[in-house]
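1. sequence and predicted model, in that order:
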Amino acid sequence: MKAGKSLLVFIFLLGVFVFFSGSLEKKRERLLMSNFVEYTIPSKLIVPASLEFKGLSSDFLLFKFMTYIGGKVAQKSNISDEQWTSLVSTLETITDLDPYFWDAYLFSEMFLAWGAGRIKEANQLLLKGTRYLPENYRLFYYLGFNYYYFLKDNKSASRYFMEAAKLPGCSSYVARLAARLSVYSFQHRDGIVFLQDMLKNTKDKSVRDQFEMRILTLEKMEFLEKKIDKYERIYRTYPNSLNDLVVSGLIDKIPEDPYGGKFMIMQNGRVYTTSNMLTKTE
């Protein structure tokens, strides 16, 4: 009799186990497939909870960050403002867990500044990095470039460029750039050099593809501006449109914007693109 009851209890418990294990497995799969940026745990909770495994936690979060970004690039899908806000929070948490984690600061420049136009948030993270990695010139260099290129604040840019120029490994180009900020306006060559330097710091193919396309676009804009300068020297006036460069024989045809926009000329002879160097899905 007891044996029979024991068997019934065993069968019941086995059924409960199978039912709940299947349910848990489905929930686990949904969590893994879900948009992780909506589940970023605040630093004030995850930092103390990680105990002595803060390094592992920061590595995991950065892996999830890159997996998410890579997936969006592969799918040619856009990232909403709300999702970018969560991505910023993720990078803040990563650097709270491990404030010496260089890759997190690098990605804040790559994706927040260049990918989302979140210059303020990128600069806040870079400033945080300078407190923990004061000998890394790239942090000061990126700060200077953001103020220079995106914010048009030459005074702040010069200050950070000078800080970068004092540190080991920094190119003399940075000191020269800082010295001429008050004389020259932004030139596309500066952006090209900056992006080429960033490419040296990543092997991720999707990231490299993005920045190589930006470099190609800036090179085309630089090429057109040189031809415009030549046109102005010959005819003592700027061309009314880029087509004038074709008619004058200075170029064979107007280059195509890799992002799908159109290159246009402004009254001061500068060139811009209607795409703003963003894909149609961005």
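-> Okay, I see it.

2. all strands for this protein, in order.
-> 263-265, 271-273 (DSSP state E).

3. pull out the buried positions in the first one.
-> Right, strand 263-265. Neighbour counts over strand 263-265 (16 or more other CB atoms under 10 Å) mark F263, I265 as buried. Any C-beta I mention is one placed from the backbone N, CA and C, and that applies to glycine too.

4. and the helices in the protein?
-> With DSSP state H as the criterion, the chain has helices at 2-33, 43-49, 54-75, 81-97, 102-107, 114-116, 119-132, 137-145, 154-165, 172-179, 188-199, 205-235, 243-247.

5. winner for burial among those helices?
-> helix 137-145 (a mean of 25; mean count of other CB atoms under 10 Å).

6. quick one: mean pLDDT for it?
-> Throughout helix 137-145, pLDDT has a mean value of 95.

7. quick one: it to helix 188-199, angle?
-> 150 degrees (axes from the mean of the first three to the mean of the last three CA atoms, to 10 degrees).

8. CA atoms only for helix 137-145, dumped as PDB, please.
-> Taking Å, rounded to 0.1, in the frame of the first residue of the first chain, the C-alpha atoms of helix 137-145 are listed here in PDB:
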ATOM      1  CA  TYR A 137      45.600  60.200 -24.600                       C
ATOM      2  CA  ARG A 138      42.700  58.900 -26.700                       C
ATOM      3  CA  LEU A 139      40.100  59.800 -24.100                       C
ATOM      4  CA  PHE A 140      41.200  63.500 -24.200                       C
ATOM      5  CA  TYR A 141      41.600  63.300 -28.000                       C
ATOM      6  CA  TYR A 142      38.000  62.000 -28.400                       C
ATOM      7  CA  LEU A 143      36.700  64.700 -26.100                       C
ATOM      8  CA  GLY A 144      38.500  67.400 -28.000                       C
ATOM      9  CA  PHE A 145      37.300  66.100 -31.300                       C
END
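
9. ok, the closest residue to T95 other than its chain neighbours - contacts?
-> The shortest distance from T95 to any non-neighbouring residue, by CB to CB, 6 or more residues apart in numbering, is to A104 (5.1 Å). Neighbour list for A104: S58, L62, L91, I94, T95, D98, L125 [criterion: CB atoms under 8 Å, 6 or more residues apart in numbering].

10. how about JSON lines for the residues you listed, with pLDDT and distance to M221 added?
-> Output for these, formatted as JSON lines (pLDDT from 0 to 100; distance: CB to CB, whole Å):
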{"residue": "S58", "pLDDT": "87", "distance to M221": "38"}
{"residue": "L62", "pLDDT": "86", "distance to M221": "33"}
{"residue": "L91", "pLDDT": "94", "distance to M221": "30"}
{"residue": "I94", "pLDDT": "93", "distance to M221": "34"}
{"residue": "T95", "pLDDT": "95", "distance to M221": "34"}
{"residue": "D98", "pLDDT": "94", "distance to M221": "38"}
{"residue": "L125", "pLDDT": "97", "distance to M221": "28"}
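
11. closest to L133 out of those residues?
-> Taking CB to CB as the measure, L133 lies nearest T95 of the contacts of A104, at 10.5 Å.

12. number of nearby residues for the nearest residue to K262 once chain neighbours are set aside?
-> In space, and not counting its chain neighbours, K262 is closest to T274: 5.0 Å by CB to CB, 6+ apart. The number of residues packed near T274 is 11, by other CB atoms under 10 Å.

13. next one: D153
-> Neighbour count of D153, defined by other CB under 10 Å: 14.

14. quick one: it and K120, what's the gap?
-> The spacing between D153 and K120, counted by CB to CB, to the nearest Å, is 12 Å.
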